[in-house]
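# Predicted model follows, preceded by the sequence.
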Amino acid sequence: MIFKYRLSFVFILTVLLLIFILFETPSFAEDLRSNSDGITLKAWCANYHKSVEDEEYLSDIHLAQAMGCHQYIRGVVDMLNAQRKVCISFEIDSSQVVRVITNYLDNNPGVLHFPRGVLVQQALTDAFPCN
C-alpha cells in the first residue's frame with residue numbers, strides 16, 4: 001500500500017517538474033504563446049529527430065522543444081483518431097508520425113505560416129485517410 005502511494009507521489013512530482021521546466025524556460029514559453037505556426041513546429045520537431053533518431057544530446061530548451069513537438073502532435077493525433085478524421089494503425093509509432101509531419105512541412109514550405117494545428121491535420125489526413 002505504501003509503495004502505491006510513493007509511486008503516485010513520484011509520478012505527480014515528475015509531472016510537476018516537467019511542467020515547471022517547460023513553462024518556466026523563457027524562450028519555450030515565448031514560443032508557445034506567440035509562435036504557433038509551422039515554422040516553429042518544424043524547428044521543434046527537428047530537435048525531436050535529433051534527440052530520438054540521431055540520439056544527440058540536447059540543451060534543456062531544445063529538449064523541451066522536442067517534447068513539445070511530440071506531445072503536441074500526439075494530442076492532435078488522439079483528437080483526429082477520436083473524430084475518425086484519420087485512421088492511424090497502432091503499429092505506427094510516434095517517431096513515424098512526427099516524420100510524416102516533418103516531411104509534409106519540408107515538402108510544402110509555402111504553408112509554414114499557417115497555424116500548426118491546421119498543418120498537422122492536413123499532413124495526417126493526407127497520409128492516413130480513413131477509407
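Noted; the coordinates are in hand.
# Check which helix or strand the residue nearest to Glu53 when sequence neighbours are not counted maps to.
Closest residue to Glu53 apart from its sequence neighbours, by C-beta to C-beta, 6 or more residues apart in numbering: Ser95 at 6.7 Å. Backbone N, C-alpha and C define where each C-beta goes, glycine included. Assigned by DSSP states H and E, Ser95 belongs to helix 94-107.
# how distant is the helix or strand just after that helix from the center of its chain?
Using DSSP H and E, the helix or strand that follows helix 94-107 in sequence is helix 116-127. Taking the mean of its C-alpha atoms, helix 116-127 sits 13 Å from the chain's own mean (C-alpha atoms, centre = their mean, to the nearest Å).
# Helix 116-127 packs against which elements?
In terms of contacts (3 or more C-beta pairs under 8 Å, 6 or more residues apart in numbering; DSSP states H and E), helix 116-127 is packed against helix 38-52, helix 60-82, helix 94-107.
# Convert the C-alpha atoms of stretch 90-99 to PDB, please.
The C-alpha trace of stretch 90-99 is given here as PDB (Å, rounded to 0.1, in the frame of the first residue of the first chain):
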ATOM      1  CA  PHE A  90      -1.400   1.000 -33.700                       C
ATOM      2  CA  GLU A  91       1.700  -0.400 -35.400                       C
ATOM      3  CA  ILE A  92       2.800   3.100 -36.400                       C
ATOM      4  CA  ASP A  93       4.900   4.600 -33.700                       C
ATOM      5  CA  SER A  94       5.200   8.300 -32.700                       C
ATOM      6  CA  SER A  95       8.500   8.800 -34.500                       C
ATOM      7  CA  GLN A  96       6.900   7.700 -37.800                       C
ATOM      8  CA  VAL A  97       4.000  10.100 -37.300                       C
ATOM      9  CA  VAL A  98       6.400  13.000 -36.500                       C
ATOM     10  CA  ARG A  99       8.400  12.100 -39.600                       C
END
